[in-house]
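*Asks:* Pasted the sequence and its predicted model underneath.
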Amino acid sequence: MEPSERWLLRVEDEVLVVEFPHGTGLSPADGEALLDRWRTATDPDAIDAVVIVVRTSRPCSDAGRRALRESAQIAVARGVDRFAVVGQRSKRRFLKRTIDVEGVDTEAFNDDDAAMRWAQSPFAVASSAERPS
């Protein structure tokens, strides 16, 4: 696991998990640092999917939005085709729209475990996606 003051990034069973704890905000420098870590973590032979867990209620900054969009593009270029997003309903919708990159299947979840199961299995049904939180 590679912790930062702003996020946690780890790989579990060929799934890259990026967690943004309560109170997280991303400055432009934070966004660049996250992208640098993302580039090294999205090894084409090691990562099949991504789970993004957003626990913060803070609005996403322009730097955060840009980093998220670029990270999705980097992941797709390296063969990732599934993104699961976990967070409050408004955050899930925002993340899905931001990650909307061609070639990516993106699902929203209320629950970390359901998101991981879906990310680990390309044929899993997204049963907890978009249920009211």
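*Replies:* Arrived safely.

*Asks:* can we go C-alpha only for contacts and neighbour counts from here?
*Replies:* OK.

*Asks:* Quick one: neighbours of residue 113, just the number.
*Replies:* Residue 113 has 11 neighbouring residues, counting by other CA atoms under 10 Å.

*Asks:* so it is in which element?
*Replies:* Using DSSP states H and E, residue 113 sits in helix 112-120.

*Asks:* Okay, buried residues for that helix please.
*Replies:* By 16 or more other CA atoms under 10 Å, the buried positions in helix 112-120 come out as 112, 114-116, 118-120.

*Asks:* Ok, stretch 52-69 next?
*Replies:* 52-56, 60, 63-69.

*Asks:* same check, this time on stretch 80-91
*Replies:* Buried residues in stretch 80-91 (16+ other CA under 10 Å): 80-89, 91.

*Asks:* Throw those residues into TSV and include pLDDT, secondary structure and distance to residue 102, thanks.
*Replies:* TSV is the format used below for the buried residues of stretch 80-91 (pLDDT from 0 to 100; DSSP: H, G, I helix; E, B strand; the rest coil; distance: CA to CA, whole Å):
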residue	pLDDT	secondary structure	distance to residue 102
80	87	coil	11
81	84	coil	9
82	88	strand	11
83	89	strand	12
84	90	strand	15
85	89	strand	17
86	90	strand	20
87	84	coil	22
88	80	coil	24
89	80	helix	23
91	74	helix	20
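
*Asks:* didn't residue 15 look like it was pressed against residue 52?
*Replies:* No. Taking CA atoms under 8 Å as the definition, residue 15 is not a contact partner of residue 52, at 10.3 Å.

*Asks:* May I ask which of the buried residues of stretch 52-69 comes out lowest in pLDDT?
*Replies:* Minimum pLDDT across these is recorded for residue 60, with 71.

*Asks:* quick one, phi psi at that residue?
*Replies:* phi -80, psi 130 (degrees, to the nearest 10).
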